[in-house]
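Colleague: quick one, structure for this:
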Amino acid sequence: MIHLRKSNERGHANHGWLDSHHTFSFADYYDPEAMGFRALRVINEDRVQPGQGFGTHGHRDMEILSYVLEGGLAHKDSTGGGGVIRPGDVQRMSAGSGVMHSEFNASRSEPVHFLQIWLVPDRRGIAPGYEQKHFAPEQRQGQLRLIASPDAADGSLTIHQDARVYSTLLGKGDSATHPLAPGRHAWVQVARGRVRLGDVVLAAGDGAAISDERSLTLSGDEPSEVLLFDLA
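Modeller: Below you'll find the predicted structure:
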């Protein structure tokens, strides 16, 4: 079973310095039918203007992934974690018992385009933590590369939830297949380009919830970047 969440169905907020699309309910956008999927709670597609950003603010009990598509995102937090995240980099911040952090566009001339992803952790009150890794294009081209998992498998980031997050780059004619174990679910999010999920076409910004399927196959219609979440 595949349930589509089209790009134009998302919430949208334009604050001038920030243009944000919300796949699920977030901030002032509320849709009781879009409160998340399994442990996946937030997918925000954000574009931040040069020199602008999110000032220091706090979070608790959330696994937060930042995935940059274009530009550079400067991060700093109260765990001592920090740096500039660029395309191919993925950052994990475990808010746990409480963390303060900020994110700013690292450029004074170019916008930054990124996905902010939240997953509900499998337990509350863990010690806050930070991790950042680079996944080169050749690791993701035409294949699903594990970028986050509960056991740091294959050099992935560690998240405190029974979820595995994959990234892939698909050119026209490329395809990648992912098996789903019994009782598992998946969410597919197209970051850019256009792909086919079986017979279903997904364009940039589109998402899809998948349940009661044994596997899923993604095929590129044009150069594309896709995230896949394998969820309990």
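
Colleague: who touches stretch 107-121?
Modeller: Contact with stretch 107-121 is made by 36, 39-51, 61-73, 85, 94, 96, 105-106, 159-161, 163, 165, 189, 191, 227, as judged by Cβ atoms under 8 Å, 6 or more residues apart in numbering. C-beta here means a position set from N, CA and C on the backbone, and glycine is covered the same way.

Colleague: which of the residues you listed are buried? Put it as a PyMOL command.
Modeller: Buried residues within the contacts of stretch 107-121, by 16 or more other Cβ atoms under 10 Å, are selected in PyMOL with:
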select buried, resi 36+39+40+41+42+43+44+45+46+47+48+49+50+61+62+63+64+65+66+67+68+69+71+72+73+85+94+96+105+106+159+160+161+163+165+189+191+227
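
Colleague: enumerate every residue touching the closest residue to residue 173 other than its chain neighbours.
Modeller: Excluding the flanking residues, the one nearest residue 173 by Cβ to Cβ, 6 or more residues apart in numbering is residue 220, at 6.5 Å. Listed by Cβ under 8 Å, 6+ apart, the contact set of residue 220 reads 170-175, 193-195.

Colleague: could you do residue 122 as well?
Modeller: With Cβ under 8 Å, 6+ apart, residue 122 has these contacts: 39, 150, 160-162.

Colleague: with respect to residue 206, which of the residues you listed is nearest?
Modeller: The nearest member of the contacts of residue 122 to residue 206, counting by Cβ to Cβ, is residue 39 at 20.6 Å.
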